[in-house]
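Engineer: Fold the following.
(2 chains)
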Amino acid sequence: MHITKDLVAASATPLVLGILAEGESYGYAILKQVNELSGGQLEWTEGLLYPLLHRLERLGHVEAYWQTPAGGRRRKYYRITDQGRAEFAEQRRQWAAVVDTLRGVWDTARSVNPIAAPAWEAGR
Amino acid sequence: MTLDSDSDSDLEAQIAQWRAYTRRRRELHHTDTEELEDHLRSRITELVEAGLRTDEAFLIAVKRMGSLDELSREFAREHSERLWKQLVLPGEPDAPAAARTRRELPVMVVCAVVAALAIKVPGWFGFDLASDNDAGFYARNLSLFSLPALAAYFAWQRRVNARVVGVLAALFVLGAVAANVYPLADDSQSFVLTVIHLPLALWLVVGVAYVGGDWRSDRRRMDFIRFTGEWLIYLSLLGLGGGVLTAFTAGTFRAIGIDAEGFITLWLLPCGAMAAVVVSAWLVEAKQSVIENMAPVLTRVFTPLFAATLLAFLVAIVWTTNGIDVERDVLILFDLLLVVVLGLLLYAISARDLAARPGLFDRLQLALVVSALIIDVLVLLAITGRITEWGFSPNKTAALGENLVLLTNLAWSAWLFLSFVRGRTPFARLERWQTRYLAVYAGWAWIVVLAFPLVFDFA
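Structural biologist: Below is the predicted model of the structure:
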């Protein structure tokens, strides 16, 4: 299944904030976690992730720092800030409202019109 | 396990190549590249653990990252400010943190303060910056306040050896002697000539410090020419800013009934101007790899305009058959014209790709130089008759000498340019001619400063 770009972009911020709320992390690990959480449905590109992380850093929702593990390479880690947690809670409320609304729409839509092929596709 | 280390070094080479590609993207900063490289390596490690060979893993990891175009476009959307080149001050976390570059800013500030205070030092010995009596003293010595500090800054920065420091010091002392030992009256012509030529002579001494004592190198001389153009531009920008600052200082203090004029004329303007000389030099150095040089840009704009003007002037002379009205100042006017043309030529050369083939702009440049030469020859022809009539005053001699110095330069430049446009000589010869010629300017400026007062009996 292909998820449209708009939807991916809209859900990206709460996803990153949510993952970072669990604990600090770095780019590649975040990408993998998103992949796992979505069961491979959400495929993020690096061009989406890193500018997003930098934007969140600029807004003050996350803070970044470089760390060199023993014998390893320098790596940039991200950590959520208090402001980021507040933003995450706010996003969560908004998304809950959207999801509730959508659920209502799915329910009514199913009762009115159970999923059927549109008439113009019936002949295929 | 030679196989393993072979593929490891292959991988390093491939990653280094990838890194070189990303470095070329202005949208991607050094730290971004590092972050992306970490990402790339993490993915490669994972793919290798899954059983792929390193080169396969590298290809897949790069492919999954997507094209650099797309990546930098995404980065540019978040970091649009990066498309505007910014000055990164040494000492900021992003800048390469060598101890010496971190000390650069404080050393520059010290040099600027020294230059600013130097102009106040004569005040302790009874000279008055504000009085008309001492205006002559300050005018003669103006370049001696700021340029030694500037030379000291470059001497420190380029780590020149003791011999060069000695040469620099000796030349500045010579300049100070020339400015102050000769009994020049404030209204004499020799005085004006010294005021104009001593800064030029000392500026080329700064050039010796700028090139780190390596004054024989054509490349370094060309760098100094580039530096001079940028320095002038930054200095005038700082001057504009200083004007605004002065206006606000005067205006705001007047609003509360305090007259700041004394402070402005005795401190703000003289000290600010002296410090600006050092600060703009530092700005040029700090910005040289960050921003495109402005002087060649201005050259591109004004070369066609000046060429058109000069050609129109020539056409007007031929059409109307009006001779050039040889007044006293006309020689100086045409000297300045030659200086402008030479400047346009120099800064076009300074920015040119030496290997590029001659193009339309080069032909325009040639037209500009040739028309300036023709005009100057007309002026000289008109003036030779009158020079005996006027006699050889210091001003006339200097103006004539300068004209000949510039004319020689431009004539030979035009010749070299012509053979370049016709594909006979490489462009580098023209560049070398110009850089070699710097020595002639230095020689001429020192002759005017040192010999003219003696020859003309301090007239």
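Engineer: residues of stretch B:315-332 that come out buried?
Structural biologist: By neighbour count with 16 or more other Cβ atoms under 10 Å in any protein chain shown, stretch B:315-332 contains the buried residues B:330-331. Yep, even glycine has a C-beta here, placed from its N, CA and C like the rest.
Engineer: what does that stretch rub up against?
Structural biologist: Identification of contacts with stretch B:315-332 by Cβ atoms under 8 Å, 6 or more residues apart in numbering or on different chains yields B:378-379, B:382-383, B:386, B:390, B:396, B:399-400, B:403.
Engineer: Ends of it, what's the gap?
Structural biologist: Stretch B:315-332 has its terminal residues 22 Å apart, counting by Cα to Cα, to the nearest Å.
Engineer: for the chain, longest helix please?
Structural biologist: Chain wasn't specified; assuming chain A. Taking DSSP state H as the criterion, chain A has its longest helix at helix A:82-112.
Engineer: sorry, should have said chain B
Structural biologist: The longest helix of chain B (DSSP H) is helix B:218-255.
Engineer: After that helix, which helix or strand is next?
Structural biologist: Once helix B:218-255 ends, the next helix or strand along the chain (criterion: DSSP states H and E) is helix B:261-263.
Engineer: what mean pLDDT does that following helix have?
Structural biologist: The pLDDT scores in helix B:261-263 average 87.
Engineer: got the residues of chain A near chain B?
Structural biologist: Residues of chain A found near chain B (Cβ under 8 Å from any Cβ of the partner chain) are A:26-29, A:31, A:45-48, A:50-52, A:54-55, A:58, A:73-76.
Engineer: since we're on the closest residue to chain A within the stretch 351-459 of chain B, how many residues are nearby?
Structural biologist: Relative to chain A, the nearest point of the stretch 351-459 of chain B is B:Asp353 (33.5 Å; Cβ to the nearest Cβ). Using other Cβ atoms under 10 Å in any protein chain shown, B:Asp353 has 7 other residues around it.
Engineer: now swap in B:Leu266 and tell me
Structural biologist: Using other Cβ under 10 Å, the number of residues around B:Leu266 comes to 15.
Engineer: what's the neighbour count on the closest residue in space to B:His79 that isn't next to it in sequence?
Structural biologist: Spatial nearest neighbour of B:His79, excluding adjacent residues (Cβ to Cβ, 6 or more residues apart in numbering or on different chains): B:Glu27 at 6.3 Å. Residues near B:Glu27, counting by other Cβ under 10 Å, number 20.
Engineer: Help me confirm that B:Glu27 comes into contact with B:Ala76.
Structural biologist: Yes - judged on Cβ atoms under 8 Å, B:Glu27 makes contact with B:Ala76 at a distance of 4.3 Å.
Engineer: so where do the helices sit in chain A?
Structural biologist: For chain A, applying DSSP H gives helices covering A:5-22, A:27-37, A:46-59, A:82-112, A:119-122.
Engineer: Could you export those to TSV, including columns for mean pLDDT and mean neighbour count?
Structural biologist: Formatted as TSV, the helices of chain A follow (pLDDT from 0 to 100; neighbours: other Cβ atoms under 10 Å in any protein chain shown):
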stretch	mean pLDDT	mean neighbour count
helix A:5-22	90	16
helix A:27-37	91	17
helix A:46-59	89	19
helix A:82-112	89	12
helix A:119-122	53	8
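Engineer: how about those in CSV, adding distance to B:Val208?
Structural biologist: Shown next, in CSV, are the helices of chain A (distance: least, Cβ to Cβ, whole Å):
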stretch, distance to B:Val208
helix A:5-22, 57
helix A:27-37, 51
helix A:46-59, 46
helix A:82-112, 56
helix A:119-122, 84
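Engineer: Out of those helices, flag the one nearest B:Pro183.
Structural biologist: Among the helices of chain A, the nearest to B:Pro183 by Cβ to Cβ is helix A:46-59 (66.3 Å).
Engineer: so what does the closest one touch, helix or strand wise?
Structural biologist: Under the contact definition 3 or more Cβ pairs under 8 Å, 6 or more residues apart in numbering or on different chains; DSSP states H and E, helix A:46-59 sits against helix A:5-22, helix A:27-37, strand A:62-67, strand A:75-80, helix B:30-49, helix B:68-78.
Engineer: 6 Å instead?
Structural biologist: Packed against helix A:46-59 by the contact rule (3 or more Cβ pairs under 6 Å, 6 or more residues apart in numbering or on different chains; DSSP states H and E) you find helix B:68-78.
Engineer: Give me the mean pLDDT for the helix it packs on.
Structural biologist: For helix B:68-78, mean pLDDT rounds to 81.
Engineer: immediately after it, which helix or strand?
Structural biologist: Going down the chain from helix B:68-78, the next helix or strand is helix B:99-118, by DSSP H and E.
Engineer: For that following helix, buried residues please.
Structural biologist: B:104, B:108, B:111-112, B:114-116, B:118.
Engineer: out of those, which touch chain A?
Structural biologist: Counting by Cβ under 6 Å from any Cβ of the partner chain, nothing from the buried residues of helix B:99-118 sits close to chain A.
Engineer: ok, so of those, who is nearest chain A?
Structural biologist: Using Cβ to the nearest Cβ, B:Glu104 comes nearest to chain A of the buried residues of helix B:99-118, at 24.2 Å.
Engineer: From B:Gln157, how far off is the closest one?
Structural biologist: 7 Å (Cβ to Cβ, to the nearest Å).
Engineer: returning to what we had before: just the buried ones among the contacts of stretch B:315-332, please.
Structural biologist: Of the members of the contacts of stretch B:315-332, the ones counted as buried by neighbours, 16+ other Cβ under 10 Å, are B:378-379, B:383, B:396, B:399-400, B:403.
Engineer: follow-up on the earlier one: could you name the helices and strands sitting against the longest helix of chain A?
Structural biologist: With contacts taken as 3+ Cβ pairs under 6 Å, 6+ apart, helix A:82-112 sits against helix A:5-22.
Engineer: which helices and strands does the helix it packs on pack with?
Structural biologist: Helices and strands touching helix A:5-22, by 3+ Cβ pairs under 6 Å, 6+ apart, are helix A:27-37, strand A:75-80, helix A:82-112.
Engineer: Now do the longest one against helix A:46-59: the angle between them, please.
Structural biologist: Helix A:82-112 and helix A:46-59 are oriented at 130 degrees to each other (axes from the mean of the first three to the mean of the last three Cα atoms, to 10 degrees).
Engineer: Might one say that B:Phe456 is in contact with B:Pro394?
Structural biologist: Yes - the criterion here is Cβ atoms under 6 Å, and B:Phe456 meets it with B:Pro394 at 4.5 Å.
Engineer: Settle it for me: which of these two has more neighbours?
Structural biologist: B:Pro394 (22 against 18).
Engineer: Now do the same contact list for that one.
Structural biologist: Residues counted as contacts of B:Pro394 (Cβ atoms under 6 Å, 6 or more residues apart in numbering or on different chains) are B:189-190, B:193, B:452, B:456, B:459.
Engineer: Tell me the gap between stretch B:317-335 and the middle of its chain.
Structural biologist: Between the centre of stretch B:317-335 and the centre of its chain there are 31 Å (Cα atoms, centre = their mean, to the nearest Å).
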